[in-house]
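Colleague: return a 3D structure for these sequence lines:
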Amino acid sequence: MCRSGCRAFGLALIGASVLQFPAVSAGATTAAATPAASRKLLIVGDSLSAEYGLPRGAGWVALLERRLADKRIGATVVNASISGETTSGGRSRLAALLARHRPTHVVIELGGNDALRGLPLKMTEDNLRAMVRASRNSGASVMVVGMQMPPNYGAAYARDFGAIFGRVARDEKVALVPFMLAGLADDAEPMKWFQPDRIHPVAAAHPVILDTIWTVMEGWLRH
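Modeller: Residues are numbered from 1 along each chain as shown. A predicted model of the protein is given here:
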């Protein structure tokens, strides 16, 4: 669950129905060539990964591409994130993405919009499991990026929603980033990290997001 700092973050979510904004098209770029350049990383996410409200190149995915190049980890990054995406939408798109891009690694960053829509938690969990299994069956290694809802959604709901990601990752034996917005939503002054909508992180927050994800991703990519 979110710690006390999430209370301010949660104010922005009260009454919101969905993080639905203009889509960012999927694209691919290639990091510095190395003997491992056959890696292809597919990111399937929502607006938090689609640079909503940010200058192009300021989001954590673009920062990831630069970090991979700096560390000479050969990889192609395909960002197939779409603002407003739910787990149902991601699940419906995944087969075509896997067939088209044939990734070696898949990052699933979805679920927040399900909660904002009030969709059944079982449906969110079923969709995430299906996406993990489809990705793994294609031969890809999988990482799940977790999200949390603030307590104003109800303590039980916030607890049960947050538990989905860890349970799926544990049961399916895939990598897990427990909370994408760690260090931001639970900061003592969380609003400095968010855009005026109080939902989407500002550009300065995205290096923090990348560092949170990188703690798991670095070792995961090397396997």
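Colleague: quick one: the strands in this structure?
Modeller: For the chain, strands defined by DSSP state E occupy the ranges 27-30, 40-45, 76-79, 105-109, 141-145, 175-177.
Colleague: possible to save these as JSON lines with mean neighbour count and distance to V61?
Modeller: Heads up, the C-betas are built off the backbone N, CA and C, glycines and all. As requested, these are exported to JSON lines (neighbours: other C-beta atoms under 10 Å; distance: least, C-beta to C-beta, whole Å):
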{"stretch": "strand 27-30", "mean neighbour count": "13", "distance to V61": "10"}
{"stretch": "strand 40-45", "mean neighbour count": "25", "distance to V61": "6"}
{"stretch": "strand 76-79", "mean neighbour count": "22", "distance to V61": "5"}
{"stretch": "strand 105-109", "mean neighbour count": "26", "distance to V61": "9"}
{"stretch": "strand 141-145", "mean neighbour count": "24", "distance to V61": "11"}
{"stretch": "strand 175-177", "mean neighbour count": "20", "distance to V61": "14"}
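Colleague: closest to I164 out of these?
Modeller: strand 141-145 (9.3 Å; C-beta to C-beta).
Colleague: what's the separation between the spatially closest residue to N127 that is not a sequence neighbour and E189?
Modeller: Closest residue in space to N127, ignoring its immediate chain neighbours: T87 at 3.5 Å, by C-beta to C-beta, 6 or more residues apart in numbering. Counting by C-beta to C-beta, to the nearest Å, the gap from T87 to E189 is 31 Å.
Colleague: more crowded one of those two?
Modeller: Neighbour comparison, T87 and E189: the larger count goes to T87, with 26 against 8 (by other C-beta atoms under 10 Å).
Colleague: got the contact list for H101?
Modeller: Counting by C-beta atoms under 8 Å, 6 or more residues apart in numbering, H101 touches A28, K40, L42, V78, A80.
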